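Participant: everything below, folded, please.
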Amino acid sequence: MPHSSLSLKERIQAAYQKRIPQFHEAWTKFPAWKKSHSKANTVAQFIEENPVISEMVELEAWAEPERFTKQARDARRRRMLAMLDETRAPLEVVPVMLAPFSKPGAPIKVETRELAITAVEAKQTDPNFSWQKFANQHCRCGKSKHDINCKERIRQAAMELQALLKRLNLEV
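Facilitator: Predicted coordinates for the structure are as follows:
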């Protein structure tokens, strides 16, 4: 199915799903990699050599943003741990894979991620796109008048998404 017939959200989800087997395969190689490298080599180096691992962590936040609610964080952490256990990833990998849970600041909220995806699509098709106009029409913060904070929250999330899409060569 050509990407043009899929929404951006569907393309993000497809990219995420496509990487799941590659993610598993990468971690199955870790024990052999570790044996063939000096003790000075770190898990971070392994992840750098296997970018699908960090891609999965980043894509998950956009493919399945509902996993980032406060209630879902613990469940998501357990799923990540189960995936690491299933692939027999060594214990030293766990802190690296759980790093997104301890990033400074609050994670981008589900609603904001959804709005960012919609905004990125709208920006591509509307030559007169305005971040403030988009915020006024779509923001769900509950304010009677959506201010610069609403606009910036959506715009910054959209910029983060666009940077990820560019890094992963996913067309908008």
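Participant: alpha carbons only for contacts and neighbour counts from here, please
Facilitator: Noted.
Participant: which residues sit against the lowest-mean-pLDDT helix or strand in the chain?
Facilitator: Across the helices and strands of the chain, mean confidence by mean pLDDT, DSSP states H and E is lowest for helix 94-97: a mean of 74. Helix 94-97 has contacts (C-alpha atoms under 8 Å, 6 or more residues apart in numbering) with 43-44, 57, 80-81, 84.
Participant: who wins on neighbours among those?
Facilitator: residue 84 (20 neighbours; other C-alpha atoms under 10 Å).
Participant: pLDDT at that one, what is it?
Facilitator: Note on residue 84: pLDDT of 79.
Participant: quick check: which element contains residue 119?
Facilitator: Using DSSP states H and E, residue 119 sits within helix 110-125.
Participant: next SSE after that helix?
Facilitator: Using DSSP H and E, the next helix or strand after helix 110-125 towards the C-terminus is helix 131-138.
Participant: now do the buried residues in that following helix.
Facilitator: Of all the residues in helix 131-138, those buried under the rule 16 or more other C-alpha atoms under 10 Å are 131-132, 134-136.
Participant: the residue lying closest to residue 65 once chain neighbours are set aside and residue 84: what is the separation?
Facilitator: Of all residues not flanking residue 65 in the chain, residue 110 sits nearest, at 5.2 Å (C-alpha to C-alpha, 6 or more residues apart in numbering). Separation of residue 110 from residue 84 (C-alpha to C-alpha, to the nearest Å): 25 Å.
Participant: where's residue 96 relative to residue 79, distance?
Facilitator: 15 Å.
Participant: next, the buried residues of the least confident helix or strand of the chain.
Facilitator: residue 97.
Participant: what's the helix holding residue 119 in contact with?
Facilitator: Applying C-alpha under 8 Å, 6+ apart, the contact partners of helix 110-125 are 8-9, 62, 65-66, 68-69, 129, 134, 138-140, 153-155, 157-158, 161-162, 172.
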